[in-house]
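[1] Need the 3D shape of this:
(one chain, ligands or ions: 2)
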Amino acid sequence: MSKSLRLVLGDQLSLTLPTLQDAPPGATVAFCEVDEEGRYVPHHPQKIAMMLAAMRHFAAELRQRGYRVHYSTLDDPDNRHSLIAEAERLAKRHGCDEIHVTRPGEWRLLKAMEARQAQDRTPRWCIVEDTRFFCSHRDFDAWMEGRTRPRMEDFYRMLRRRTGLLMDGNAPVGGQWNFDRDNRAPIDDAPSPPSPPRHRQDAVTQEVLALVEKRFADHVGRLEGFNWPVTRRQALADLRHFVARALPAFGTYQDAISDTAPYLFHSRLSAALNIGLLSPGEVCQAAQDAWQGGEAPLNAVEGFIRQILGWREYVRGIYWHRMPAYKRENQLGATRGLPRCYWDGDTDLRCLQRAIEMTHDNAYAHHIQRLMVTGNFALLCDVRPAALCDWYLAVYADACEWVELPNTLGMVLHADGGYLGSKPYCASGKYIDRMSDHCAQCRYDPRQSVGENACPFNALYWRFLERHADQLADNPRMRVIYGTLDKMSAHKRQALRQQADTFLDSLTWTPPYGQGQHASDYGE
Ligand SMILES: Cc1cc2nc3c(=O)[nH]c(=O)nc-3n(C[C@H](O)[C@H](O)[C@H](O)COP(=O)(O)OP(=O)(O)OC[C@H]3O[C@@H](n4cnc5c(N)ncnc54)[C@H](O)[C@@H]3O)c2cc1C
Ligand code: SF4
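    Ligands and ions are numbered 1, 2, ... in the order given. As a prediction, this is how the structure comes out:
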């Protein structure tokens, strides 16, 4: 009779995990901390600490529930420091001829496991579907059939109908699928946002923080101020806090950006969701309950549920549907590396500086900072998808490739030619000025496009539109802006071009232009 090792990955910390649910009594459950996973991009120390502390707490919980647990720590002298090699070492050590694992969330790892599976050797690898999402791969592929230009909104409505979330029979509650029009208030009139609860750091968490501080001292990002949930109990406290204190204003200020408040009314739940401490179903249910109980308005609850039921499931579907070719897309032909300020924060563009500082301090920036500040800037500067993706994958506590890649490559950089989003989210300084309170504290002026004090986003924006007119001018959602460009005098266009080129020449780029592929590549 075969004996199986149950391998639990760092983003699979859920009691509902299929490989735990069907584990026979007495099966050994294995956790492996390995250097390779901590270093394939230079992950933010808070991200590494959150994952290791959460793994150690979850392993302890499984022990308490009677599982036999083997836990390989980073400083174990026998550790092979590669997930596959370490799992196989443990299987042999515990006399297991099979390794059962729930399908990993990253193409790179899945391919590595499938390669071992194909070799038909002992221990055999058995990979089972991850059932912790609303939509399975098979269902997503079925939904995609015959669609050349899939749209998130259609997918979202299909899932609303299927789950019954915010539905009144077959119709959306409130008579609308979407309340976006109510959700675009700028920062100016926002009330002061609540601070997230502070989590107690027990001996396990403190030990991990000390380990990460020593071992990953070369990674960018501050460990000080670490406040991520590392147990389900802490994650549930964050969920309760969000629903009671921030959800009511979530919708209205969803697109606002603040110079001082990193979280505004966002939930800060993505990391807990992505590593499995919370399930997307319970989070959406909690938001729906708040609306039904009259504690949060519909525009907020619908806006929030759309992010999880809609965007989160949709980008996951796209990732698996289009990989591995998706990772190679670069349809706007971007060639530059990343401006060095993304790593060292040294820039005098106030909005960019604050988004990067908050990222380094908290391993967090909210969606609009990622999309309209750091993302928009990289798009306008022709940053190669590989360079930007590696940065996003490294610096955020919630970063997992299945969600990061479609957001960065598709939504931000439009590198998939408009497959994920119907138009690029490019914007000038005027947009940032409208939505944030950064510009009043900036040395640049968002109303000027040329000259020493001109906001760099402005000239870069027009340069971008001009450079990509062949691909974008016919897009119905961009006709108005191209109409404005067409009416501009040749003289003004020339001045803008020169302004943008001079600015780009003044930046320091890292790594050098055109070098390399994704650091997180799997070499196919
Ligand atoms: C360039 C870029 C990279 C990103 N990389 C990641 C990533 O690696 N991991 C990640 O979880 N999210 C990523 N996102 C999506 C989004 O920015 C984060 O989920 C969100 O900022 C997390 O903060 P929050 O929990 O406070 O979110 P909230 O604003 O409170 O939203 C609620 C939840 O909805 C989900 N969500 C919201 N927007 C998206 C989206 N566009 N795609 C998928 N899920 C979404 C998240 O689970 C989030 O927790 C990225 C977005 C951009 C533009
Ligand atoms: S003026 Fe331009 S660079 Fe400065 S904060 Fe505003 S948008 Fe950013």
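
[2] Who's the closest spatial neighbour of Q234, skipping the chain neighbours?
    With sequence-adjacent residues excluded and distances taken as C-beta to C-beta, 6 or more residues apart in numbering, Q234 is closest to H199, at 4.8 Å. Every C-beta, even on glycine, is put in place using the N, C-alpha and C of the backbone.

[3] pLDDT score for the one you found?
    We have a pLDDT of 98 for H199.

[4] Equivalent analysis for G523, please.
    39.

[5] Ok, Q517 next?
    Reported pLDDT for Q517: 55.

[6] Renumber starting at 21 from here on
    Sure, I'll start counting at 21 from here, so that last one is Q537.

[7] Return the residues in contact with the residue nearest to Q254.
    247-250, 254, 257 (C-beta atoms under 8 Å, 6 or more residues apart in numbering).

[8] can you give me phi and psi for it?
    Here is the backbone geometry of H219 (degrees, to the nearest 10): phi -90, psi 140.

[9] Would you mind listing the outside residues contacting the lowest-mean-pLDDT helix or strand in the chain?
    Across the helices and strands of the chain, mean confidence by mean pLDDT, DSSP states H and E is lowest for strand 529-530: a mean of 84. Contacting residues not belonging to strand 529-530 are listed as 356-360, 363 [C-beta under 8 Å, 6+ apart].

[10] Same check on stretch 377-387?
    64, 66-67, 70, 240-242, 245, 248, 274, 277, 282-284, 286, 288, 327, 365, 375, 389, 393-394, 415-418.

[11] ok, now stretch 457-464?
    207-208, 277-279, 368-371, 374, 449, 452-453, 465-466, 473-476.

[12] How far does that stretch sit from its chain's centre?
    Counting by C-alpha atoms, centre = their mean, to the nearest Å, stretch 457-464 is centred 27 Å from the centre of its parent chain.

[13] Check whether that stretch comes near ligand 2.
    Yes: under the criterion of C-beta under 6 Å from any ligand atom, stretch 457-464 makes contact with ligand 2 via 458-459, 462, 464.

[14] Please work out the average pLDDT along that stretch.
    For stretch 457-464, the mean per-residue pLDDT is 98.

[15] One more: stretch 485-492?
    Mean predicted confidence for stretch 485-492 is 97.

[16] For that stretch, buried residues please.
    485-488, 492 (16 or more other C-beta atoms under 10 Å).

[17] returning to what we had before: sheet partners, orientation included, of the least confident helix or strand of the chain?
    strand 358-359 (antiparallel) (DSSP bridges).

[18] Does ligand 1 have contacts with the next helix or strand after the strand it pairs with?
    On the C-terminal side of strand 358-359, the nearest following helix or strand under DSSP states H and E is helix 361-364. No: Helix 361-364 lies out of reach of ligand 1 by C-beta under 6 Å from any ligand atom, never closer than 12.0 Å.

[19] which strands and helices sit next to helix 361-364?
    Counting contacts by 3 or more C-beta pairs under 8 Å, 6 or more residues apart in numbering; DSSP states H and E, helix 361-364 packs against helix 370-382.

[20] after the helix it packs on comes which helix or strand?
    Toward the C-terminal end, the helix or strand that comes next after helix 370-382 (DSSP H and E) is helix 387-388.

[21] residues in contact with S442?
    By C-beta under 8 Å, 6+ apart, the residues touching S442 are 169, 171, 495, 497.

[22] swap in L297?
    Neighbour list for L297: 33-34, 74, 249, 251-252, 254-255 [criterion: C-beta under 8 Å, 6+ apart].

[23] Can I get the residues you listed in TSV including neighbour count, secondary structure and distance to ligand 1?
    Listed next are the contacts of L297 as TSV, based on neighbours: other C-beta atoms under 10 Å; DSSP: H, G, I helix; E, B strand; the rest coil; distance: C-beta to the nearest ligand atom, whole Å:
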residue	neighbour count	secondary structure	distance to ligand 1
L33	25	coil	15
S34	21	coil	15
A74	28	helix	15
P249	26	coil	12
T251	22	coil	18
R252	19	helix	16
Q254	20	helix	15
A255	24	helix	11
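
[24] now for those residues, which pair is the farthest apart?
    Pairwise distances across the contacts of L297 peak at 14.8 Å for S34 and Q254 (criterion: C-beta to C-beta).

[25] contacts for stretch 56-68?
    30, 94, 101-103, 128, 232-233, 235-236, 238-243, 246, 248, 291, 379-380, 382-383, 410, 413-417, 419, 539-540.

[26] pLDDT averaged over stretch 371-384 - what is it?
    Across stretch 371-384, the average pLDDT comes to 98.

[27] Near ligand 2, which residues of the chain? Just list them.
    369-371, 449, 452-453, 458-459, 462, 464, 466, 475-477.

[28] I'd like the residues you listed as a markdown table, with distance to C116, secondary structure and neighbour count appended.
    Below are those laid out as a markdown table (distance: C-beta to C-beta, whole Å; DSSP: H, G, I helix; E, B strand; the rest coil; neighbours: other C-beta atoms under 10 Å):
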| residue | distance to C116 | secondary structure | neighbour count |
| --- | --- | --- | --- |
| L369 | 54 | coil | 23 |
| R370 | 56 | helix | 20 |
| C371 | 53 | helix | 30 |
| G449 | 59 | helix | 26 |
| I452 | 55 | helix | 25 |
| D453 | 60 | helix | 20 |
| H458 | 55 | coil | 24 |
| C459 | 60 | helix | 19 |
| C462 | 59 | coil | 22 |
| Y464 | 61 | coil | 20 |
| P466 | 61 | coil | 22 |
| C475 | 60 | coil | 25 |
| P476 | 58 | helix | 24 |
| F477 | 56 | helix | 29 |
